Structures are given as C-alpha cells and as structure tokens.
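Visitor: I need the structure of the sequence given here:
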Amino acid sequence: MQPESVNDIYLEEQGDTNITIDSLDMCYDIEQDEQDDTDEIDQERDLLASLIEKLKCEIDDSKNRNKFLESSN
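Guide: Okay, here's the model as predicted:
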C-alpha cells in the first residue's frame, strides 16, 4: 500500500527560517498501514489454511481410491 500524499501543509515564518508543520496525524497513517498489513496477513493465512484443508481432502480421496482398487484386484 502506498502512503497517501499530504496536501495540508502550513508554513510558519520564524525569523529567516521557514518551519513546515504537517496538519495530519502521522501516527494514524502508521497505525492504518500496520492494520492493512495485518489484514493482508490474515487473508493470506486463511487462504493457506483452506488450501491445506483441500489438499488433505484430496490425499484422503486418493488413499480411498487406492484402497478400493487394491481390494478390487
């Protein structure tokens, strides 16, 4: 996920120096990015779990077919 651009920037003059103050709470952006990462990891974990379960079922089906074929011979 790409960080959002910050458009709300204010300049405050202080003598000969300009100070830039971001009006957005950067902590919120970091927390949101971490939450997005956590959500993606959860989705990947769920996908992997479902794939593993599907493979287990396919293995069981294959074993059952092999047993049936062996008993038929």
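Visitor: how about the strands of this protein, start to end?
Guide: Here the chain has its strands, by DSSP state E, at 9-14, 17-22.
Visitor: lowest average pLDDT across these?
Guide: Of all those, strand 9-14 carries the lowest average pLDDT, namely a mean of 48.
Visitor: listing request: residues of the protein with sub-threshold pLDDT.
Guide: Along the chain, segments meeting pLDDT under 70 span 1-28.
Visitor: tell me where it has helices.
Guide: For the chain, the helices defined by DSSP state H occupy 26-72.
Visitor: tell me how far Asp61 lies from Phe68.
Guide: Distance of Asp61 to Phe68, computed by Cβ to Cβ, to the nearest Å: 11 Å. The C-beta positions use only the backbone N, C-alpha and C, and glycine is treated the same way.
Visitor: oh sorry, the question was meant for Ile52
Guide: Look at Ile52 and Phe68: by Cβ to Cβ, they are 25 Å apart.
Visitor: now do Glu40
Guide: In this view, Glu40 and Phe68 are 42 Å apart by Cβ to Cβ.
Visitor: ditto for Ile41
Guide: 41 Å.
Visitor: likewise for Gln32?
Guide: Distance of Gln32 to Phe68, computed by Cβ to Cβ: 54 Å.
Visitor: tell me which of those two has more neighbours.
Guide: Shown here are Gln32 and Phe68; by other Cβ atoms under 10 Å, Gln32 has more neighbours (13 against 9).
Visitor: distance of that one relative to Ile41?
Guide: Separation of Gln32 from Ile41 (Cβ to Cβ): 15 Å.
Visitor: Asp33 too?
Guide: Per Cβ to Cβ, Asp33 is found 13 Å from Ile41.
Visitor: who has more neighbours out of those two?
Guide: Neighbours of Asp33 and Ile41, each counted by other Cβ under 10 Å, are more numerous for Asp33; the result is 14 against 10.
Visitor: what separation do you get for that one and Asp61?
Guide: On the measure of Cβ to Cβ, Asp33 and Asp61 end up 42 Å apart.
Visitor: please apply the same query to Glu70.
Guide: Using Cβ to Cβ, Glu70 is found at 15 Å from Asp61.
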